[in-house]
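S.K.: sequence and predicted model, in that order:
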Amino acid sequence: MKRKDFQKLTDTRLKDADALLKSKRYAAAYYICGYIFECALKACIAKQTKKFDFPPKPNHVKKLYTHKIEYLLGAAGLRKDFEKDKKNDKQLNLFWNTVKDWSEDSRYESRIDEKKARDLFIAVSDDKNGILTWIKKHW
């Protein structure tokens, strides 16, 4: 996939999560919210790839096919900046504390309540301090 594809998919998943919340499908909304920031981070990783760069070693590429947000943040080269910004932005740090606990295993959870789903959606999508807003500055 290309960077623009990940960017478009990020925005599409944001709309999907919003629609799922409005439909009171909280577990599905929670699950999709995780893919919002995963796709956004993968757009940042794709930005690092130049047209004529020799591809990285296969074991590195394989690691990029992960859902682990902490790893993707590092692979995108954003960890240092993110840590600094979290220290200076209390709300960003609070949102991160919500986001970091998401995992792809949530697809098996059917008992996600409205509060947990909405908290994750807001942490990802808040226009001022949300995780997606921060990531978009770098993609």
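M.R.: That came through, no problem. Owing to the predicted nature of the structure, the values given are computational and were not obtained by experimental measurement.
S.K.: what's the closest non-adjacent residue to Tyr26?
M.R.: Closest residue in space to Tyr26, ignoring its immediate chain neighbours: Ala117 at 3.9 Å, by CB to CB, 6 or more residues apart in numbering. (Each C-beta comes from the backbone N, C-alpha and C, glycine too.)
S.K.: any idea how far stretch 117-136 is from the middle of the chain?
M.R.: Put simply, stretch 117-136 sits 9 Å off its chain's centre (CA atoms, centre = their mean, to the nearest Å).
S.K.: this structure: helices as residue ranges?
M.R.: Here the chain has its helices, by DSSP state H, at 3-22, 26-47, 58-64, 69-75, 79-88, 90-99, 114-125, 131-136.
S.K.: can you redo those as a markdown table with mean neighbour count?
M.R.: Shown next, in a markdown table, are these (neighbours: other CB atoms under 10 Å):
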| stretch | mean neighbour count |
| --- | --- |
| helix 3-22 | 17 |
| helix 26-47 | 23 |
| helix 58-64 | 11 |
| helix 69-75 | 17 |
| helix 79-88 | 13 |
| helix 90-99 | 17 |
| helix 114-125 | 19 |
| helix 131-136 | 20 |
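S.K.: Tyr108 is nearest to which of these?
M.R.: Among these, the nearest to Tyr108 by CB to CB is helix 26-47 (9.2 Å).
S.K.: which other helices and strands contact the closest one?
M.R.: Applying 3 or more CB pairs under 8 Å, 6 or more residues apart in numbering; DSSP states H and E, one finds that helix 26-47 contacts helix 3-22, helix 69-75, helix 114-125, helix 131-136.
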